[in-house]
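Visitor: A structural model of the following input is requested.
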Amino acid sequence: MKKVKKRLALLLVIIMSLALAAACGGSGTPVSAPPPSASASTSGGGSFSSPVGPGSVSETPPPAIEKEPAPLVRLSASDMPSNISPWAGTSTGRHIVMNSIYQPLVEGNKATGEVQKILVSNIEYLDANNYRLTLYEDIYDSEGNHFKASDAVFSITTCKEFGNVSGMAYIGGAKVVSDYVFDINITRDADYQFSASVSMIFMVTEKAYKDSGDDMTTKPVGTGPYKMVDYESGSNVTLEAVDDYWGAYLADTRETNSAWYWFAQNVDRIEFSKISEAAQASIALETGATDVSLFTTGVEATRFLGNPNFNVWRQTDSRSFNVFFNCGDKSPMSDQLLRQAVCYAIDNASVLKATGGFGILSTTFGAKVFNDVNPKWDNEDYYNYNPDKAKALLAESGFDVKTPIRLMVPNTSEERTTIGTVLQGYLNAIGLNVQIDLYDSASFTNNKFNEDMYDIRLEDASFENLADLWTQFLSYEGRASGKSNIHITDPVMQELLDNCTKTSNRIQANIDPAHYYIKEQAYIYGLYCRELFDVTRADITEFVVFTKLYAIPGAFRYEY
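Guide: The predicted model follows:
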């Protein structure tokens, strides 16, 4: 790596999203970090934001020192991946590290259809549903395998077969044209669907994938800037820069508003570790055991405000916590009256307060940062806490309250388990018999869409806008089961979603009916969207904030 004199910029990108999406992919929606600060918006979906809190930024940069660009950067988060395979689905722990190892063909903004090329040098529009992609000819993975069109088709086909990644339902197939050219079919006639689906697929070489022997669950090999050198499932991940990284020249020549900026190779070694308790993560940062604490609670973040040795970064997340109902025939939650009773039984303001009070209450399924949220919803009844009405609806439903109700909760952070406990308390208070089933990250990802495993599940979800978020969970179009992710087939819901998801139809007149129908049916009940906090050492003087849960090289700037 090159020596840099005077001032050295080392970047490690933290992209906040869920995609996730849950379910997340492509570029995130820009959000500002309160209180207002100087920021330069990027088309990648984020901003360079100043830290909040007194004493967090020095007027004069520290003295410049010559230093090799090879620091060890140590980050902690509440969850670490139990599976590194490219197509195992989404979870916070996976997305913190995945984009350091793997790359997609493109990065895309699902709201606008804008595409930024990553592994492809050209995209040719053939007709309404077919595209021809040309790869760069010098792509190699970290094991030296040459990535070609056949590998791209293999990745697309295998990802679709796994069925864990959102957007795959709209990929009809792919076929090789020549060594570096292939075609892909998109079954949905919506002009943003190409980027929405293709940006979600991590690419690997077929040889490396088959040589791994375990679907790359523990032995990932990608085309990205970093390779994994140490891994303890669900606990620790260590990455090192790939020698002769094929994309170095592209990352070095792109502007900061390009997706290629995210794939820069500017740190030699990155160590991720799981510290599930926020207080312990703070202690690790204070004692110098880590350099960065990701996704810490607002309560913990406040202990660093005013401390000149640390910077605190704050932003409103596009992820929201929600109550998802199993509306299939196998669950008592198939009863609309029972679902409505549950919604009225929950005081979401108290749920937020129990987790520290850092967030914004929901008035729909989805975060208020989306530009298709209607402000008038704030002044309307969104299942405002009413235990008497909840009990009346429960009685009207005729449900036998002795029947256990299974509440699925991911045991991946204090915030999530706290929410689950509070929900259980509110529902038991109206006479229900709610039992909490805790799942680790991998088990939750594998079972959250299994209608045999739960009646109610707690999940945080995100996308780039409400319309696509709703479609992700409530549409049954293109799904092999013929049912949506809440296990129903509702033609009325499908028509409402189709009306509002076409790019040309993204108008409030189509968004409002879908919102009111989801609320009336009580398919999904929104609790709140979070405010996220990351705490860093004071010498991290710039931070790139995005709204999808990826952590990939490119977003910390150090001053020496």
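Visitor: every contact and neighbour count from this point should use C-alpha atoms.
Guide: Will do.
Visitor: C-terminal to the longest helix along the chain, what's the next element?
Guide: Longest helix in the chain by number of residues (criterion: DSSP state H): helix 414-429. Once helix 414-429 ends, the next helix or strand along the chain (criterion: DSSP states H and E) is strand 433-439.
Visitor: now the top strand by length along the chain and helix 414-429, what's the angle there?
Guide: Using DSSP state E, we find that the single longest strand of the chain is strand 310-325. Relative orientation of strand 310-325 and helix 414-429, computed by axes from the mean of the first three to the mean of the last three Cα atoms, to 10 degrees: 40 degrees.
Visitor: could I get the buried residue list for the next helix or strand after strand 310-325?
Guide: Downstream of strand 310-325, the next assigned helix or strand under DSSP H and E is helix 336-345. Neighbour-count burial for helix 336-345, counted by 16 or more other Cα atoms under 10 Å, picks out Gln336, Leu337, Leu338, Arg339, Gln340, Ala341, Val342, Cys343, Tyr344, Ala345.
Visitor: looks like the fourth one contacts Tyr523 (just checking).
Guide: Yes: assessed by Cα atoms under 8 Å, Arg339 is found in contact with Tyr523 at 7.5 Å.
Visitor: between those two, which contacts overlap?
Guide: Common contacts of Arg339 and Tyr523 (Cα atoms under 8 Å, 6 or more residues apart in numbering): Phe325.
Visitor: three-state assignment of Glu271?
Guide: strand (DSSP: H, G, I helix; E, B strand; the rest coil).
Visitor: tally of neighbours for it?
Guide: 19 (other Cα atoms under 10 Å).
Visitor: again, but for Ala248
Guide: 17.
Visitor: what about Gly357, how many residues nearby?
Guide: 17.
Visitor: which helix or strand contains it?
Guide: Under DSSP H and E, no helix or strand contains Gly357.
Visitor: ok, Gln494 next?
Guide: helix 491-501.
Visitor: name the helices or strands packed onto that helix?
Guide: When contacts are defined as 3 or more Cα pairs under 8 Å, 6 or more residues apart in numbering; DSSP states H and E, helix 491-501 sits against helix 466-474, helix 508-521.
Visitor: what does the first one contact?
Guide: Same thing as helix 466-474. 110-111, 166-167, 365-367, 370, 372-373, 461-463, 484-486, 493-494, 497, 500-501, 511.
Visitor: now a PyMOL select for only the buried ones of these.
Guide: Provided next is the PyMOL selection string for whichever of these are buried by 16+ other Cα under 10 Å:
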select buried, resi 110+111+166+167+365+366+367+370+372+373+461+462+463+484+485+486+493+494+497+500+501+511
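Visitor: just the ones of the contacts of helix 466-474 in strands?
Guide: Ala461.
Visitor: okay if I get the buried residues of helix 336-345 as CSV plus pLDDT and distance to Asp329?
Guide: Formatted as CSV, the buried residues of helix 336-345 follow (pLDDT from 0 to 100; distance: Cα to Cα, whole Å):
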residue, pLDDT, distance to Asp329
Gln336, 98, 12
Leu337, 98, 15
Leu338, 98, 14
Arg339, 98, 14
Gln340, 98, 17
Ala341, 98, 18
Val342, 98, 18
Cys343, 98, 20
Tyr344, 98, 22
Ala345, 98, 23
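Visitor: ok, so of these, who is nearest Thr316?
Guide: Cys343 (24.3 Å; Cα to Cα).
Visitor: apart from its neighbours in sequence, what residue is nearest Glu415?
Guide: Thr355 (5.8 Å; Cα to Cα, 6 or more residues apart in numbering).
Visitor: how about Thr418?
Guide: In space, Thr418 comes closest to Thr355 once its chain neighbours are excluded; the distance is 6.7 Å by Cα to Cα, 6+ apart.
Visitor: then Tyr125?
Guide: Nearest non-adjacent residue to Tyr125 (Cα to Cα, 6+ apart): Tyr131, at 4.8 Å.
Visitor: would you list the phi and psi of that neighbour?
Guide: phi -130, psi 150 (degrees, to the nearest 10).
Visitor: point out where the stretch 401-550 of the chain drops to low pLDDT.
Guide: 464, 502-506, 540-550 (pLDDT under 70).
Visitor: how does it look with 80?
Guide: Under the criterion pLDDT under 80, the flagged ranges of the stretch 401-550 of the chain are 463-465, 478, 480, 501-508, 532, 539-550.
Visitor: please parse the chain into its domains.
Guide: 13-102+217-313+541-558, 104-210, 317-531 (automatic domain parsing).
Visitor: mean pLDDT lowest for which of those?
Guide: Of all those, the minimum mean pLDDT falls on domain 13-102+217-313+541-558 (a mean of 65).
Visitor: with distance to Asp252 added, can I get the helices and strands packed on helix 491-501 in CSV?
Guide: As requested, those are exported to CSV (distance: least, Cα to Cα, whole Å):
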stretch, distance to Asp252
helix 466-474, 33
helix 508-521, 41
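Visitor: and the ones you listed: which comes nearest Leu427?
Guide: Of all the helices and strands packed on helix 491-501, helix 508-521 sits nearest to Leu427, with 18.7 Å by Cα to Cα.
Visitor: so what secondary structure elements neighbour that closest one?
Guide: If you count contacts as 3+ Cα pairs under 8 Å, 6+ apart, helix 508-521 packs onto helix 491-501.
Visitor: tilt between the helix it packs on and helix 466-474?
Guide: Using the same axes, to 10 degrees, helix 491-501 lies at 150 degrees relative to helix 466-474.
Visitor: helix 491-501: how far from the chain's middle?
Guide: The chain centroid and the centroid of helix 491-501 are separated by 24 Å, computed with Cα atoms, centre = their mean, to the nearest Å.
Visitor: how about stretch 182-192?
Guide: Per Cα atoms, centre = their mean, the centroid offset for stretch 182-192 relative to its chain is 23 Å.
Visitor: again with stretch 519-535
Guide: 14 Å.
Visitor: ok, stretch 230-240 next?
Guide: Averaging C-alpha positions (Cα atoms, centre = their mean) puts stretch 230-240 20 Å from its chain's average.
Visitor: in it, which residues are buried?
Guide: For stretch 230-240, by 16+ other Cα under 10 Å, it's Tyr231, Gly234, Ser235, Asn236, Val237, Thr238, Leu239, Glu240.
Visitor: how about the first one, nearest residue that isn't a chain neighbour?
Guide: Nearest in space to Tyr231, with sequence neighbours left out and distances taken as Cα to Cα, 6+ apart, is Val237 at 4.7 Å.
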